[in-house]
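> Give me a 3D structure for the following:
(one chain, ligands or ions: 1)
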Amino acid sequence: MSNSDRTIEPLTDRLFATERQPEDFRFDAAVARVFPDMIRRSVPGYTTIIPMIEVLTEQYAQPGSNCYDLGCSLGASTLAMRHGIPFSDCTLVGIDNSTAMIERCEHYIALDDNPLPVTLRCENIQQTELSDASVTTLNFTLQFVPPEERSDLLRRIAEATRPGGVLILSEKIRFESEDEQDTQTRLHHEFKRANGYSDLEISQKRSAIEQVLIPETLGAHKRRLKDSGFDRVLVWYQCFNFVSMLAIKAD
Ligand code: GEK
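Residues are numbered from 1 along each chain as shown. Got it, this is the predicted structure:
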């Protein structure tokens, strides 16, 4: 690995700026290197959701429990949880199956001065062990799990969650109405344009990601969360076709 591969200076995302062969999007080293810039300029509301994860974690973390960040990438949501957890006997675990992400995440965690230890695991969240949880976060990660395998994961999270515990679930969604789908998609693309992405970048990224990021409707998410063992589900944030939900297990 060269020194430049090790740098954690957030670089500008130009991955789709020039014409390239169509290929499915992967969370590889090239993506990890530009990820903070990419997600901030691509996901409306991301810069609001991250600090709110700290607020939500502070509300729902329980003493002596485990807190999980599933699909932690470079640890933005993990660090928000770390700062929100008010108990020194909690265990915080960040999990991602991209080696490139986990390697860089270690640097970001080390740079942060909060004393709560963070364990990082390079694992598939669909197989990872979960237990005695109070707060679990899936911040734009479930959308990358094949739809038919999502119930299984949510059921395991609900089973591992203590009474009174929560799942914070952020997702790109689609809409029942074609008209709303078109309008919200156009507004999302305008957001990307306003953040400096060209039409070529927007369309090439869209083609690369559409086979791997499968959005579902808000109704489908809510139903599945309830069927999986959560008692209440509420939307606490929405910006265009991006939402964040709070799924709560009753006391
Ligand atoms: C943030 N939460 O900054 N197992 C483990 N990790 C996975 C899996 C899987 N099956 N599928 C995808 N991932 C972060 C942002 S990004 C969202 C999360 C985005 C990981 C994948 O490697 C990537 O790092 C992350 O989920 C999704 O708040 O890029 O839109």
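
> if I pick Pro115, what's in contact with it?
For Pro115, the contacting residues are Ser88, by CB atoms under 8 Å, 6 or more residues apart in numbering. Where you see a C-beta, it was placed from the backbone N, CA and C, and this is true even at glycine.

> meant to ask about Ala160, not that
The contact partners of Ala160, taken as CB under 8 Å, 6+ apart, are 130-133, 136.

> contacting residues for the closest residue to it other than its chain neighbours?
Among residues not flanking Ala160 along the chain, Leu130 sits closest, at 3.8 Å (CB to CB, 6 or more residues apart in numbering). With contact taken as CB under 8 Å, 6+ apart, Leu130 is in contact with 66, 68, 136, 156-157, 160.

> Next, count neighbours for the closest residue to the ligand within the chain.
As assessed by CB to the nearest ligand atom, the ligand sits closest to Gly71 within the chain, at 2.9 Å. The tally of other residues near Gly71 (other CB atoms under 10 Å) stands at 22.

> what's the answer for Gln21, then?
Gln21 sits with 5 neighbouring residues when counted by other CB under 10 Å.

> Glu180 now?
By other CB under 10 Å, the residues close to Glu180 number 12.

> SS state for it?
Taking DSSP: H, G, I helix; E, B strand; the rest coil as the rule, one finds Glu180 in the helix state.

> same question, Thr136
Three-state assignment for Thr136 (three-state DSSP): strand.

> And for it, nearest residue in space, chain neighbours not counted?
Of all residues not flanking Thr136 in the chain, Tyr68 sits nearest, at 4.5 Å (CB to CB, 6+ apart).

> pretty sure the one you found contacts Ala133?
Yes - the pair Tyr68 / Ala133 is scored as a contact, 5.9 Å apart, by CB atoms under 8 Å.

> Overlap of the contact sets of those two?
Residues touching both Tyr68 and Ala133 by CB under 8 Å, 6+ apart: Ile157.

> More neighbours: which of the two?
Neighbour totals were compared for Tyr68 and Ala133, and Tyr68 leads with 28 against 24 (other CB under 10 Å).

> what's the pLDDT at Pro10?
In this model, Pro10 is scored at 64, pLDDT.

> Same question for Ser207.
81.

> So which residues on this structure come close to the ligand?
Where the chain comes near the ligand, counting by CB under 6 Å from any ligand atom, the residues are 27, 39, 71-73, 76-77, 95-98, 101, 124-126, 139-141, 144-145.
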